[in-house]
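Novice: Everything below, folded, please.
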Amino acid sequence: MNKKTMEIVLSIGSVLMFIVMLIFVHLAEIEPQGYGFTAALMLFVLAVSLAGIKITRID
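Specialist: All right, here's what the predicted structure looks like:
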């Protein structure tokens, strides 16, 4: 898998993961929901950051 394909797959995967986390927070009815959405956003940013680091190490 080349670098461009890996970047596209990781981008799509991270967005899908974020959507699933938002749906989970909504269905779980965590009170207040703001904390759940903030945690989902933090996990999304962490996943995208780790994916970016991985992509930079691929030749």
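
Novice: For the protein, which segments count as helices?
Specialist: With helices called from DSSP state H, the chain shows them at 3-28, 33-57.

Novice: Adding mean pLDDT and mean neighbour count, write the ones you listed out as JSON lines.
Specialist: Backbone N, C-alpha and C define where each C-beta goes, glycine included. Putting the helices of the chain into JSON lines (pLDDT from 0 to 100; neighbours: other C-beta atoms under 10 Å) gives the following:
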{"stretch": "helix 3-28", "mean pLDDT": "89", "mean neighbour count": "13"}
{"stretch": "helix 33-57", "mean pLDDT": "89", "mean neighbour count": "13"}
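
Novice: and the residue lying closest to residue 22 once chain neighbours are set aside, how far is that from residue 4?
Specialist: If the residues on either side of it in the chain are set aside, residue 22 comes closest to residue 40, at 5.6 Å by C-beta to C-beta, 6 or more residues apart in numbering. Computed as C-beta to C-beta, to the nearest Å, the residue 40 to residue 4 distance reads 28 Å.
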